[in-house]
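Participant: After the sequence you'll find the predicted model.
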Amino acid sequence: MIHVLLQAGAGDKLDIISLISHASSVAKATLVLLLLMSVISWYVIGAKWLYMARAYRRSVAFVEKFWNASLDEMWKEAENAPPSPVSEVFRAGYLELVKLRKRKAQAAAEGQTGQENDTGDIESIERALARARTMATMEMENKVPFLATTASSAPFIGLFGTVWGIMNSFRNIGAKGAANLATVAPGIAEALVATAIGLVAAIPAVMGYNYLSRRIRVISAEMETFTNDFLNIIRRRFF
């Protein structure tokens, strides 16, 4: 009977909630940090997953319309439709093209041909498109590096909690002068909780980072392909 009661008492002390509530302040701070990183990681994964899905869907729809409409019609479409990475690239290129056409019209009105500037005009459009691609890529990558930070640092933070728990176990052994299970188990269990939560935070962050990085590469490839097609059209029609 006494043996059963001792087992019940030890089981209560090794309960997850009891371990966390009786943990040292350092261990609690470590667990809170890991939980906070995990919550933020899940928020970033969910928000970015929705953003990438919308961005890809809208970009594909915009490209399909682009091949069946004029540039002026696509400008109206880009103005009225929800924004997407490809439509933002188109807006930047189209605005630069409008500026160059106005400049050429003004030069023609003044009796200047200005054909020697065709190469520079194309380069201006290329720079505008490159700036738009860079801005769109930066927007897609916003907050994603936090997942990489969590994936790389959470296991080490959990390892810190593990080391701290083992240190407490050895301190208890030294204070009580006995190395029995009742003395060692709580510290080891506390250490394993920190390790487990560190892995819980790191594993989804790794998977989310890899997935979102791949989606960013796909959309970036769409923008680069659209940029090349847009420049080819501009060269054929206006230069």
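Facilitator: Nice, thanks for sending it over. Residues are numbered from 1 along each chain as shown.
Participant: Scan the chain for its longest helix.
Facilitator: helix 181-238 (DSSP state H).
Participant: Spatially central residue in the protein, please.
Facilitator: residue 144 (1.7 Å; C-alpha atoms, centre = their mean).
Participant: contacting residues for that one?
Facilitator: 44, 48, 209, 212, 213, 216 (C-beta atoms under 8 Å, 6 or more residues apart in numbering). For the C-beta atoms, the positions are set from N, CA and C on the backbone; glycine is no exception.
Participant: I only care about the residues you listed that end up buried; give me the PyMOL line for that.
Facilitator: The PyMOL selection below is limited to those of those classed as buried (16 or more other C-beta atoms under 10 Å):
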select buried, resi 44+48+209+212+216
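Participant: can you put the contacts of residue 144 in CSV and add pLDDT and distance to residue 66?
Facilitator: Output for the contacts of residue 144, formatted as CSV (pLDDT from 0 to 100; distance: C-beta to C-beta, whole Å):
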residue, pLDDT, distance to residue 66
44, 96, 31
48, 95, 26
209, 96, 31
212, 95, 26
213, 95, 27
216, 95, 21
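Participant: hmm, back to that, now for the longest helix of the chain, which elements pack on it?
Facilitator: In terms of contacts (3 or more C-beta pairs under 8 Å, 6 or more residues apart in numbering; DSSP states H and E), helix 181-238 is packed against helix 2-13, helix 16-21, helix 25-66, helix 85-109, helix 118-141, helix 144-176.
Participant: Generate a markdown table for those helices, with distance to residue 201 as supplementary columns.
Facilitator: Listed next are the helices and strands packed on helix 181-238 as a markdown table, based on distance: least, C-beta to C-beta, whole Å:
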| stretch | distance to residue 201 |
| --- | --- |
| helix 2-13 | 25 |
| helix 16-21 | 15 |
| helix 25-66 | 4 |
| helix 85-109 | 30 |
| helix 118-141 | 21 |
| helix 144-176 | 4 |
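Participant: Quick one: closest of those helices to residue 200.
Facilitator: Nearest to residue 200 among these is helix 25-66; the distance by C-beta to C-beta comes to 6.2 Å.
Participant: What is the subsequent helix or strand relative to that closest one?
Facilitator: Using DSSP states H and E, the helix or strand that follows helix 25-66 towards the C-terminus is helix 71-80.
Participant: List the buried residues of that next one.
Facilitator: Neighbour counts over helix 71-80 (16+ other C-beta under 10 Å) mark 71, 74, 75, 77, 78 as buried.
Participant: And the third one, how close does it get to residue 222?
Facilitator: Residue 75 sits 19 Å away from residue 222, going by C-beta to C-beta, to the nearest Å.
Participant: again, but for the second one
Facilitator: Counting by C-beta to C-beta, the gap between residue 74 and residue 222 amounts to 16 Å.
Participant: swap in the fourth one?
Facilitator: When C-beta to C-beta is the yardstick, residue 77 and residue 222 sit 17 Å from each other.
Participant: I'd like to know the average pLDDT value across stretch 230-239.
Facilitator: For stretch 230-239, mean pLDDT is 82.
Participant: who's in contact with it?
Facilitator: Taking C-beta under 8 Å, 6+ apart as the rule, stretch 230-239 contacts 71, 89-90, 93, 97, 100-101, 118, 121-122, 125-126, 129.
Participant: Kindly report the same for stretch 47-62.
Facilitator: The contact list for stretch 47-62, computed with C-beta under 8 Å, 6+ apart, reads 74, 77-78, 81-87, 90, 140, 143-144, 208, 211-212, 215-216, 218-219, 222-223.
Participant: Equivalent analysis for stretch 80-90, please.
Facilitator: Contacts of stretch 80-90 (C-beta under 8 Å, 6+ apart): 54-55, 58-59, 61-63, 66, 74-75, 77-78, 129, 132-133, 135-137, 139-140, 219, 222-223, 226-227, 230.
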